[in-house]
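> I'll drop the sequence and a predicted model, then ask my questions.
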Amino acid sequence: MADYLDDLAAHLGATPTELLGVVLGAIGIYTAFLLLVRLFGPRSLHGLSTFDAILVIMFGAVAARAILGYTPTLAAGVVGLATLFVLEATFGQIRATAIGSRLLNSRPVLVLVDGSPVVEAMRRMHLTDEELNSALRRAGVRSRSEVACAVFEPNGHLSIIRSGELIDPALVADVVGLERIPAQLLRPTPPAAH
């Protein structure tokens with residue numbers, strides 16, 4: 001019975017050195033994940049196909065092993081989770097600043113304008129024509145001619161702006177490819193008061 005309790009205590013606990021390793025592992029994996037998502041774009045986090053879901057499970061397994069080490073314990077798991085929550089809160093505060101937002105967030109990208117796809121932007125966002133059509137159908141669009149523009153958002157979603165009313169330029173001011181939107185689709189900006 002004493003051996004059983006010793007084994008149980010060993011699986012639940014961790015030494016300070018092991019816990020430091022968990023914290024450093026969590027910081028390293030979190031940072032690597034942020035850099036890889038920034039490199040591969042928001043598409044890597046949205047619209048999961050079966051293949052993508054398998055990759056996410058594999059990413060989780062790799063991350064867990066790197067964070068927790070070879071013999072995961074309850075203490076290591078709790079410290080690893082707490083570290084990830086602290087990192088998320090910290091980076092959330094950093095993203096809330098103008099500089100942090102530019103460094104950590106992707107910008108929205110114009111992928112369809114006046115009913116026509118922006119092929120190079122779709123390629124850069126790893127967005128297929130089928131995925132674009134799917135998003136248009138979900139938005140209730142019957143024809144691409146009904147769409148003034150579609151924007152691939154930093155969270156991986158597509159925003160569809162229908163034709164018919166002029167677009168407020170402030171709404172698309174941060175969109176990569178803004179210059180492709182024809183002036184006749186944009187609401188004129190009032191002259192600045194002197």
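Looks like it arrived, so ask away. Small disclaimer: the values here were computed from a predicted structure and weren't measured.
> in the longest helix that the chain contains, what counts as buried?
Ranked by residue count, the top helix of the chain under DSSP state H comes out as helix 16-40. By neighbour count on 16 or more other C-beta atoms under 10 Å, the buried set for helix 16-40 is Glu18, Leu19, Gly21, Val22, Val23, Gly25, Ala26, Ile29, Tyr30, Val37. No exception for glycine: its C-beta is placed from N, CA and C like everyone else's.
> Serialize those to CSV and add fields for distance to Ile167 and pLDDT.
Shown next, in CSV, are the buried residues of helix 16-40 (distance: C-beta to C-beta, whole Å; pLDDT from 0 to 100):
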residue, distance to Ile167, pLDDT
Glu18, 55, 82
Leu19, 53, 82
Gly21, 52, 87
Val22, 49, 86
Val23, 47, 88
Gly25, 46, 88
Ala26, 43, 88
Ile29, 40, 87
Tyr30, 37, 87
Val37, 29, 76
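> looking at these, which is nearest Pro182?
Using C-beta to C-beta, Val37 comes nearest to Pro182 of the buried residues of helix 16-40, at 32.6 Å.
> low-confidence stretches in this structure?
For the chain, applying pLDDT under 70 flags the ranges 1-12, 41-55, 71, 192-194.
> break it into its domains for me.
Domain ranges of the chain: 2-104, 109-185, per automatic domain parsing.
> do you know which of those domains lies nearest Pro191?
Proximity to Pro191 (C-beta to C-beta) singles out domain 109-185 among those, at 13.5 Å.
> now the buried residues of helix 16-40 in CSV, with distance to Thr128?
Shown next, in CSV, are the buried residues of helix 16-40 (distance: C-beta to C-beta, whole Å):
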residue, distance to Thr128
Glu18, 45
Leu19, 45
Gly21, 41
Val22, 39
Val23, 40
Gly25, 36
Ala26, 34
Ile29, 30
Tyr30, 30
Val37, 20
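> ok, of those residues, which one's closest to Thr83?
For the buried residues of helix 16-40, the residue nearest Thr83 by C-beta to C-beta is Ala26; the value is 3.8 Å.
> contacts only, for the closest one.
Ile67, Val79, Gly80, Thr83, Leu84, Leu87 (C-beta atoms under 8 Å, 6 or more residues apart in numbering).
> ok, and the closest non-adjacent residue to it?
Sequence neighbours aside, Thr83 is the residue nearest to Ala26 in space, at 3.8 Å (criterion: C-beta to C-beta, 6 or more residues apart in numbering).
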